[in-house]
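Visitor: After the sequence you'll find the predicted model.
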Amino acid sequence: MIQSHDAQPPGAIRIIIVGGGFAGVTLAQCLERLLPAETDIVVMSMTNHLVFTPMLPEVVGRTISPLHVAAPGRQLTRRARWIEARVSRIDRAANEVHYATRNGTAVSLPYSHVVLACGCAADMDEIPGLSSRGYALKTVIDAIAMGNDIIGNFEAASAEPDARQRRRLLSAVVIGGGFSGVEVAGHMADLMRGIHRFYPELHGEQPMITLIHKGKSVLPELQHHSLSEFAVRKLRGNGITVQLETSVTSVDSQAVHLTSGDKIETAMVVSTVGTHGHPLIKDLKLRMEKGRLITGPDMQVEGTENLWAIGDCALIPNAHDGHPCPATAQFATQQARQLAKNLRSISDGLAAKPFSYHAHGILASIGHRNAVAVIYGIRLSGIIAWFLWRGIYLAKLPTFSRKLEVAMSWACSMPFPPNIVELRLPEKPTAGAAATGT
Ligand SMILES: Cc1cc2nc3c(=O)[nH]c(=O)nc-3n(C[C@H](O)[C@H](O)[C@H](O)COP(=O)(O)OP(=O)(O)OC[C@H]3O[C@@H](n4cnc5c(N)ncnc54)[C@H](O)[C@@H]3O)c2cc1C
């Protein structure tokens with residue numbers, strides 16, 4: 001039986017935001033400021049916190065603690081109600097959101113407007129065999145598991161008599177040379193190099209990371225050939241083997257198989273490519289492209305009156321250049337700001353405005369105190385770009401206490417080696433899908 005959870009006086013406006021990530025939290029914060037106090041703002045999210053994804057590779061590399069990259073939704077918003085639950089269905093005919101509580105009770109909540117900000121899910125089924133042993137980097141748990149398993153593989157290798165198995169345990173493959181692939185490969189290499197000296201049994205062996213990218217150059221998001229080349233040089237200098245114009249055809253229990261016909265024996269496969277539509281979005285049976293729900297310029301979902309979508313789950317045209325917005329946190333937060341203004345305009349009987357945004361810059365931290373950046377059209381690379389990356393992302397990290405914790409961790413990670421504690425986690429990570437939780 002579905003229970004109703006409606007504590008709202010009849011006729012009052014309720015806006016339900018599905019998702020407590022960059023888009024959902026920013027929208028709730030802006031609506032709190034723009035809408036009258038009697039408007040009920042509800043955030044429904046599978047987790048009680050926002051994950052600051054740009055710093056997840058640093059958690060993998062053990063330069064910062066996992067809890068430093070998560071900020072609780074209840075501390076980021078003031079009067080919005082936060083419901084930690086998995087939304088299972090949007091009933092457009094009845095204007096109700098259906099969700100399941102932790103003990104499995106099905107509950108429905110009516111809405112005046114619903115905003116989908118539920119992100120996208122990692123697609124681990126695109127490559128045969130990947131879903132059973134690949135890691136995706138989307139959640140804090142994924143990042144903890146990856147760092148932990150790198151240490152675990154070193155422990156296993158140091159006790160392994162067979163040289164071939166030792167090499168396999170010390171090898172990791174990262175699929176995808178976009179931002180997250182390059183960043184995670186860089187931080188994994190830093191971690192492996194930093195811990196190697198604590199394993200004297202392995203001094204004759206070299207840990208190996210291979211970055212597989214199907215395009216001609218890494219970091220295509222930068223649209224700057226020289227910066228991509230710089231990144232490849234630095235990655236190679238950091239001991240990472242970069243294979244361009246290569247794809248993975250399949251993954252089995254021992255190795256990754258490539259289009260070139262080669263195989264790489266490895267104990268760790270990280271995938272940063274492939275996303276598919278969120279099940280909640282697919283279920284709506286509305287027009288989608290590349291797994292994202294198509295919206296109008298004002299972020300209203302095509303063919304609906306009170307359904308809106310922002311962030312990674314939405315395909316929103318950018319009035320600034322006429323192109324669809326990229327799936328980045330930078331765009332997700334800007335869309336949330338504009339949507340809050342649009343919802344205010346609608347409540348005042350005014351027209352909503354199209355989304356228009358010109359990104360000021362783009363940065364990637366590629367490991368070994370190196371970064372690449374394009375800020376206001378100026379290209380930067382190396383240690384200056386790395387300091388800039390740290391400064392900008394520290395400023396963007398929510399809450400003062402998180403900023404302080406991260407700044408202190410960074411300071412400590414300079415003179416001290418990484419913590420090599422291996423936690424015995426129960427099983428492999430979640431495969432990171434935003435659709436599956438954590
Ligand atoms: C490793 C990594 C590094 C990145 N680095 C950068 C960077 O440097 N700069 C940048 O701009 N972008 C970066 N990104 C991209 C950025 O993380 C995304 O674009 C951004 O998170 C999108 O925000 P969102 O709110 O749409 O989705 P998300 O932040 O993914 O939030 C989705 C929310 O929806 C919730 N949810 C999902 N399904 C349900 C459900 N059924 N019911 C209830 N709640 C649900 C989730 O729990 C989550 O809270 C990076 C991404 C990764 C993975």
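Guide: Structure's in. What do you need? Numbers count the residues shown, from 1 in each chain.
Visitor: rest of the way, CA atoms for contacts and neighbours
Guide: Noted.
Visitor: List the buried residues for stretch 275-295?
Guide: For stretch 275-295, burial by neighbour count (16 or more other CA atoms under 10 Å) applies to 275-278, 280-281, 288, 291-295.
Visitor: Revised request: answer the last question for stretch 113-130.
Guide: Counting neighbours by 16+ other CA under 10 Å, stretch 113-130 gives 113-124, 127, 129-130 as buried.
Visitor: Stretch 239-256: end-to-end distance?
Guide: End-to-end span of stretch 239-256 (CA to CA, to the nearest Å): 19 Å.
Visitor: contacting residues around that stretch?
Guide: Under the contact criterion CA atoms under 8 Å, 6 or more residues apart in numbering, stretch 239-256 has outside partners 127-130, 133, 168, 173, 175, 185-186, 189, 208-218, 232, 235-236, 257-260, 263-267, 269.
Visitor: quick revisit: looking at the buried residues of stretch 275-295, which is nearest residue 389?
Guide: Here the nearest of the buried residues of stretch 275-295 to residue 389, counting by CA to CA, is residue 275; it sits at 25.8 Å.
Visitor: so what's that closest one bridging to?
Guide: Beta-bridge partners for residue 275, by DSSP bridges, are residue 122.
Visitor: Is it in contact with residue 291, as I believe?
Guide: Yes: using CA atoms under 8 Å, residue 275 is in contact with residue 291, at 7.2 Å.
Visitor: which neighbours do the two share?
Guide: Counting by CA under 8 Å, 6+ apart, the residues touching both residue 275 and residue 291 are residue 120.
Visitor: quick revisit: take the buried residues of stretch 275-295 and keep only those in strands.
Guide: 275-276, 288, 292-294 (DSSP state E).
Visitor: picking up where we left off before, run through the buried residues of stretch 275-295 and flag the ones next to the ligand.
Guide: Among these, no residue lies close to the ligand (CA under 6 Å from any ligand atom).
Visitor: Let me have these in TSV, extended by pLDDT and distance to residue 311.
Guide: Shown next, in TSV, are the buried residues of stretch 275-295 (pLDDT from 0 to 100; distance: CA to CA, whole Å):
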residue	pLDDT	distance to residue 311
275	78	14
276	80	14
277	82	13
278	89	12
280	93	15
281	92	13
288	93	14
291	89	12
292	94	10
293	95	10
294	96	12
295	97	11
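Visitor: Tell me the one among the residues you listed nearest to the ligand.
Guide: Proximity of those to the ligand (CA to the nearest ligand atom) peaks at residue 280, which lies at 6.2 Å.
Visitor: Next up, the contacts around the closest one.
Guide: Contact partners of residue 280, counting by CA under 8 Å, 6+ apart, are 87-90.
Visitor: if we look at the ligand, which of the residues you listed are close to it?
Guide: 87-88.
Visitor: how about the residues of the protein near the ligand?
Guide: Close to the ligand, as judged by CA under 6 Å from any ligand atom, the chain has residues 18-24, 44-47, 50, 53-54, 56-57, 85-88, 117-119, 137-138, 180, 311-313, 327-330, 332, 434-435, 437.
Visitor: In helices only, show me these.
Guide: Residues of the residues of the chain next to the ligand located in helices (DSSP state H): 22-24, 56-57, 180, 329-330, 332.
Visitor: Residue 372 is in contact with residue 385, correct?
Guide: Yes: Residue 385 is within contact range of residue 372, at 5.7 Å (criterion: CA under 8 Å).
Visitor: Residues that sit against both of those two, list them.
Guide: Residues touching both residue 385 and residue 372 by CA under 8 Å, 6+ apart: residue 363.
Visitor: which of these two has more neighbours?
Guide: More neighbours surround residue 372 than the other of residue 385 and residue 372, with 26 against 22 (other CA atoms under 10 Å).
Visitor: surely the more buried one meets residue 387?
Guide: No: when contacts are counted by CA under 8 Å, residue 372 is not listed as touching residue 387 (10.5 Å).
Visitor: Keeping just the C-alphas, turn stretch 386-402 into PDB.
Guide: Extracted in PDB, the C-alpha atoms of stretch 386-402 (Å, rounded to 0.1, in the frame of the first residue of the first chain):
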ATOM      1  CA  TRP A 386      48.000  23.200  -9.900                       C
ATOM      2  CA  PHE A 387      48.000  26.000  -7.300                       C
ATOM      3  CA  LEU A 388      45.200  27.700  -9.100                       C
ATOM      4  CA  TRP A 389      43.200  24.400  -9.200                       C
ATOM      5  CA  ARG A 390      43.600  24.000  -5.500                       C
ATOM      6  CA  GLY A 391      42.700  27.600  -4.700                       C
ATOM      7  CA  ILE A 392      39.600  27.600  -6.900                       C
ATOM      8  CA  TYR A 393      38.300  24.300  -5.800                       C
ATOM      9  CA  LEU A 394      39.000  25.000  -2.100                       C
ATOM     10  CA  ALA A 395      37.000  28.200  -2.500                       C
ATOM     11  CA  LYS A 396      34.100  26.300  -4.200                       C
ATOM     12  CA  LEU A 397      34.000  23.500  -1.600                       C
ATOM     13  CA  PRO A 398      30.900  23.900   0.500                       C
ATOM     14  CA  THR A 399      31.100  24.900   4.200                       C
ATOM     15  CA  PHE A 400      34.000  26.600   6.000                       C
ATOM     16  CA  SER A 401      34.800  23.500   8.100                       C
ATOM     17  CA  ARG A 402      35.300  21.400   4.900                       C
END
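Visitor: Quick check: mean pLDDT of that stretch?
Guide: Averaging pLDDT along stretch 386-402 gives 96.
Visitor: Can you get me a residue count around residue 195?
Guide: For residue 195, the neighbour count with other CA under 10 Å is 16.
Visitor: cool, residue 213 as well?
Guide: Neighbour tally, residue 213, other CA under 10 Å: 24.
Visitor: Same check on the one 4 residues further on?
Guide: Residue 217 sits with 22 neighbouring residues when counted by other CA under 10 Å.
Visitor: Wait, it touches residue 228, no?
Guide: Yes: Residue 217 is within contact range of residue 228, at 6.1 Å (criterion: CA under 8 Å).
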